[in-house]
Structure formats: structure tokens, C-alpha cells
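K.L.:
got a structure for you, letters missing:
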């Protein structure tokens with residue numbers, strides 16, 4: 001339900017599969033989000049870390065070879081539900097996590113829980129162990145989402161050229177999508193170990209998702225609030241309709257398009273990925289999906305969502321009427337131009353079938 005997370009004070013969950021344990025996209029995003037939720041204040045982060053270390057929550061922290069005595073090293077706190085010790089992989093259960101939440105040991109600002117289905121623990125030749133870990137982590141995802149009511153973001157990682165197995169597709173349909181509230185799409189940004197500009201765009205997008213989720217519900221006719229139409233769209237609203245088959249084709253014109261407009265219409269029915277989606281394309285014929293001839297991921301649903309993110313990122317430097325967005329009571333982040341997501345049918349001067 002919309003605005004389910006008003007006055008929310010529980011941990012946030014990132015669920016997904018990193019492209020590799022080395023790229024480790026989920027944990028890196030969790031650290032960035034955790035730091036942002038505490039205003040990137042290393043002293044406060046150190047205090048939270050010490051409280052977790054003194055509690056049963058220490059199991060979520062795992063081993064850290066860094067010098068934890070230096071408070072400057074604490075950029076954020078990632079709480080992994082999967083770990084490794086001398087005896088092998090282990091998984092924390094929902095009773096432990098639920099207890100820490102009810103004792104207020106874990107809250108919105110105590111760290112971000114990570115459920116990574118490609119954690120280092122999954123890098124084993126023991127297929128039985130992989131199956132057991134997958135089942136246990138899937139069950140934990142369901143319990144944290146349904147029983148604990150945690151705000152969950154699906155971090156959908158699909159680097160260019162990476163094949164997607166039938167098993168991965170099944171996990172997405174049966175676990176990732178049903179047990180999450182929002183979705184963040186990642187392609188090759190995780191390869192940027194130096195946290196380059198596109199990785200920074202992803203971190204901003206995740207912060208924006210959380211900020212939007214935590215907004216109070218709008219009141220019809222109200223003005224001047226953090227979630228009112230006059231702030232978000234303006235009293236006199238003008239928008240530009242995009243007609244490109246690929247969003248990146250708009251890049252040379254974005255600066256001009258953002259002048260004197262309040263929003264952009266994202267014409268999904270005109271996208272090449274939407275045409276692939278309507279045809280049910282993307283399968284390479286071997287039971288796996290990979291990069292298609294047009295340069296997409298082979299997953300039209302992913303490409304449509306990813307291009308929407310890219311549109312926001314491209315417009316950020318040039319948007320003149322983008323509203324401010326409160327972020328977890330700690331700061332204000334610059335929001336993007338609102339995007340009007342439309343699928344116009346043939347009778348609406350579009351290309352999508354009327355039926």
C-alpha cells in the first residue's frame with residue numbers, strides 16, 4: 001500500500017545478487033545508504049557500530065580486517081544475513097533479527113540488512129549446499145518482508161553480456177519481486193571500484209527511493225508540504241514527451257529539454273525494449289537470457305526500468321524546476337524532474353495494442 005512506511009523506524013533490506021563477490025554491489029550500496037541515513041557522520045556511525053558489536057547483532061557484522069579503531073573508516077554499516085566462519089557458511093534467522101528490531105537495537109539508522117544470493121558463501125562446488133542456502137535465504141526474505149514488515153529494495157544487477165540462468169529467473173519471480181517494495185537496476189556501474197560518476201548516480205537513486213518511501217501521505221488540495229503537488233509539479237505544469245527508442249539517444253538534447261519544464265513523459269510504448277517485451281523476446285534459445293542484438297540486456301523489463309533511471313540521472317545536472325526531497329530527517333537531497341510514465345495505446349496516439 002502507498003505510504004506504508006510513514007514514521008518507519010526499522011532497518012532497510014537490500015535483496016538481490018551481486019554480479020560477483022568481488023564487485024559486491026549490494027554491500028557497497030548498503031554502506032553508502034547507511035552512511036547517508038546518519039548524515040555521513042563517522043562519529044555517530046562508530047557509536048552505532050559499537051552498540052551492534054555489544055549485542056547479538058555482532059553476527060550480522062561479519063569479519064572486518066580494516067582498522068576499526070579509526071572512526072574515519074566507518075563510512076556505513078552493512079549487515080549481511082549470510083556469513084562465513086571456520087565451520088563454513090551460516091545464515092542468521094528471522095527470530096534473531098526480529099528480536100533486535102523489537103529491542104530497538106536495529107532501526108532505520110543502525111545499518112542496512114543485505115540478502116545477497118551471490119555472497120561468497122555461494123561460491124562452492126557443493127550444489128546441495130547452494131540449494132540449501134538459496135532456500136534458507138529465500139525463506140528469510142519472506143519472513144523479513146511479511147512478518148517484520150521491513151522496507152525492501154530489490155537491487156537487480158545485470159551487467160552487459162551476462163547470461164541469466166533459468167534458476168536466477170525463478171529466484172527473481174518467486175523471491176526478489178514478491179518480497180520487495182522498490183527496485184534499483186544496476187548494469188556495469190559495479191565495476192567502478194573508485195566510485196565513479198555512474199556509481200554515484202546509483203547511490204543517489206537508492207537514496208531517492210528511500211526518501212520517497214518515507215514521505216508522509218499527500219493531502220488532496222494541500223499546499224506547501226513535502227509531498228504536495230505545488231512543490232513536486234508546480235502550479236502551472238509543462239512537460240516534454242520523449243519519442244526515442246533508446247533513452248541514451250536523448251543525451252545530446254537533455255540540457256535543452258530540461259529548460260522551463262516541470263516533468264518529462266517517458267513514452268514506454270515507443271521504446272525498443274517495450275516492443276521486445278510485447279513479443280516475449282530475450283531468450284537466446286538455450287534457456288538463458290543474454291545481451292540482445294540492439295545492445296539491451298536481453299531482459300526487456302529490466303531495460304525499461306534501467307532506462308527510466310538513466311533518464312533521471314541525465315536530467316539532474318540541467319533540471320531547473322526539480323523540487324527538494326527530505327531524506328530521513330537528516331538532510332535534503334536534490335530530486336530529479338518528475339517522470340510521467342506512460343504506455344499509450346493505438347487509440348491514444350501510441351503504439352501499444354488497445355487490447
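P.N.:
It's in. If you're wondering where the values come from, they're calculated on a predicted model, not measured in any experiment.
K.L.:
longest helix of the protein?
P.N.:
If you go by DSSP state H, the chain has its longest helix at helix 127-146.
K.L.:
which residue ranges form the helices in the stretch 51-200 of the chain?
P.N.:
According to DSSP state H, counting those that start in this stretch, the stretch 51-200 of the chain carries its helices in the segments 58-61, 94-102, 127-146, 166-171, 197-213.
K.L.:
Give me the mean pLDDT for the longest one.
P.N.:
Per-residue confidence for helix 127-146 averages out to 94 on the pLDDT scale.
K.L.:
now what about it, what contacts it?
P.N.:
Contact with helix 127-146 is made by 13, 15, 81-82, 89, 91-94, 97, 113, 115, 117, 121-122, 124, 150, 152, 171, 174-175, 179-180, as judged by CB atoms under 8 Å, 6 or more residues apart in numbering. Using the backbone N, CA and C atoms, a C-beta is placed for each residue, glycine as well.
K.L.:
again, but for the second one
P.N.:
Among residues not part of helix 94-102, those counted as contacts by CB under 8 Å, 6+ apart are 10-11, 55-57, 59-60, 81, 106-107, 113, 140, 143-144, 147-148.
K.L.:
Just give the number of residues close to residue 335.
P.N.:
21 (other CB atoms under 10 Å).
K.L.:
Repeat that for residue 173.
P.N.:
10.
K.L.:
Residue 333 reaches residue 204, doesn't it?
P.N.:
Yes. Residue 333 is within contact range of residue 204, at 7.2 Å (criterion: CB atoms under 8 Å).
K.L.:
tell me the angle the longest helix of the chain makes with helix 94-102.
P.N.:
30 degrees (axes from the mean of the first three to the mean of the last three CA atoms, to 10 degrees).
K.L.:
and helix 127-146, which residues are buried?
P.N.:
130, 133-134, 136-138, 140-141, 143-145 (16 or more other CB atoms under 10 Å).
K.L.:
Touching, residue 31 and residue 75? I think so.
P.N.:
Yes. Look at residue 31 against residue 75 with CB under 8 Å: they come within range, at 5.6 Å.
K.L.:
Compare these two and say which is more crowded by neighbours.
P.N.:
Neighbours around residue 31 and residue 75, counted as other CB under 10 Å, are more numerous at residue 31. The numbers are 21 against 15.
K.L.:
list the contacts for residue 258?
P.N.:
Residues in contact with residue 258 (CB under 8 Å, 6+ apart) are 315, 318-320, 337.
K.L.:
for these, which one is nearest residue 300?
P.N.:
Closest approach between the contacts of residue 258 and residue 300, by CB to CB: residue 315, at 22.8 Å.
K.L.:
what's the neighbour count on that closest one?
P.N.:
If you count neighbours by other CB under 10 Å, residue 315 ends up with 20.
K.L.:
do the same with the one 10 residues further on
P.N.:
Counted with other CB under 10 Å, residues neighbouring residue 325 total 21.
K.L.:
for residue 241, same thing?
P.N.:
So residue 241, with other CB under 10 Å, has 12 neighbours.
K.L.:
Contacts only, for it.
P.N.:
Residue 241 is in contact with 264-265, 267, counting by CB under 8 Å, 6+ apart.
K.L.:
any idea how far the residue nearest to residue 105 when sequence neighbours are not counted lies from residue 107?
P.N.:
Closest residue to residue 105 apart from its sequence neighbours, by CB to CB, 6 or more residues apart in numbering: residue 55 at 4.9 Å. From residue 55 over to residue 107 the distance is 12 Å, taken as CB to CB, to the nearest Å.
K.L.:
what do you get for residue 310?
P.N.:
From residue 310 to residue 107 the distance is 33 Å (CB to CB).
K.L.:
Of these two, give the one with the bigger neighbour count.
P.N.:
residue 310 (20 against 15).
K.L.:
my guess is the more buried one contacts residue 246, does it?
P.N.:
No. Counting by CB under 8 Å, residue 310 does not reach residue 246; the two are 9.6 Å apart.
K.L.:
quick revisit: counting neighbours, which of the contacts of helix 127-146 end up buried?
P.N.:
13, 15, 81-82, 89, 91-92, 94, 97, 113, 115, 117, 121-122, 150, 152, 171, 175, 179-180.
K.L.:
residues contacting the residue nearest to residue 105?
P.N.:
Contacts of residue 55 were listed using CB under 8 Å, 6+ apart, and they are 100, 103, 105.
K.L.:
same deal with residue 157?
P.N.:
Contacts of residue 157 by CB under 8 Å, 6+ apart are 16-19, 25-26, 186, 190.
K.L.:
beta partners of the residue minimising distance to the centre of the chain?
P.N.:
Nearest to the mean C-alpha position of the chain, by CA atoms, centre = their mean, lies residue 184 at 3.0 Å. Counting by DSSP bridges, residue 184 is bridged to residue 155.
K.L.:
With that, I have no additional questions.
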